[in-house]
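*Asks:* task: produce atomic coordinates for the following.
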Amino acid sequence: MLGCQHRCMLDQERWPGADPAYHRLYKVRGLLYMELSSWDAAYHDLWRAPCYDSQDEQCVEALMHVLEQLQVSAPHPQ
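*Replies:* Next up is the predicted model:
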């Protein structure tokens, strides 16, 4: 079942991303990607959500968590 949900989230042709009225959907999808530990995809959606200039603490905290996870998972030079 999770595979089906993941495919639905990735269906970009049906995603109304260009319309600013759908920015909340970016937040929701970003949070779902976080639950799947898909950090790149979560970052891609959460930074597009209007959380950088709002009072949405959940979105800001989620974005900070994703950035931390991306930093941890980044390859470290030897």
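
*Asks:* now do the helices in the protein.
*Replies:* 2-10, 23-35, 39-46, 57-73 (DSSP state H).

*Asks:* run through this protein and note the low-pLDDT ranges.
*Replies:* 1-21, 50-54, 76-78 (pLDDT under 70).

*Asks:* before we move on, the earlier item: make a markdown table out of the helices of the chain and add mean neighbour count.
*Replies:* Using the backbone N, CA and C atoms, a C-beta is placed for each residue, glycine as well. Converted to a markdown table, these look like this (neighbours: other CB atoms under 10 Å):
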| stretch | mean neighbour count |
| --- | --- |
| helix 2-10 | 11 |
| helix 23-35 | 18 |
| helix 39-46 | 20 |
| helix 57-73 | 14 |
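
*Asks:* M34 touches E68, doesn't it?
*Replies:* No. With contact defined as CB atoms under 8 Å, M34 and E68 do not form a contacting pair (11.5 Å).

*Asks:* any idea how far E57 lies from L63?
*Replies:* The gap separating E57 from L63 is 11 Å, by CB to CB, to the nearest Å.

*Asks:* scratch that, A42 is what I was asking about
*Replies:* 8 Å.

*Asks:* what touches both of these two?
*Replies:* Counting by CB atoms under 8 Å, 6 or more residues apart in numbering, the shared contacts of A42 and L63 are G30.

*Asks:* chain neighbours aside, what residue packs nearest to L31?
*Replies:* Using CB to CB, 6 or more residues apart in numbering and skipping residues adjacent in sequence, the residue nearest L31 is A62, 6.0 Å away.

*Asks:* show me what contacts that neighbour?
*Replies:* 27, 30-31, 34, 42, 46, 51.

*Asks:* now those residues in CSV, with distance to S73?
*Replies:* As requested, the contacts of A62 are exported to CSV (distance: CB to CB, whole Å):
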residue, distance to S73
K27, 22
G30, 17
L31, 18
M34, 13
A42, 12
L46, 16
C51, 22
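
*Asks:* hmm, back to that, any shared contact partners between E57 and L63?
*Replies:* Common neighbours of E57 and L63 (CB under 8 Å, 6+ apart) do not exist.
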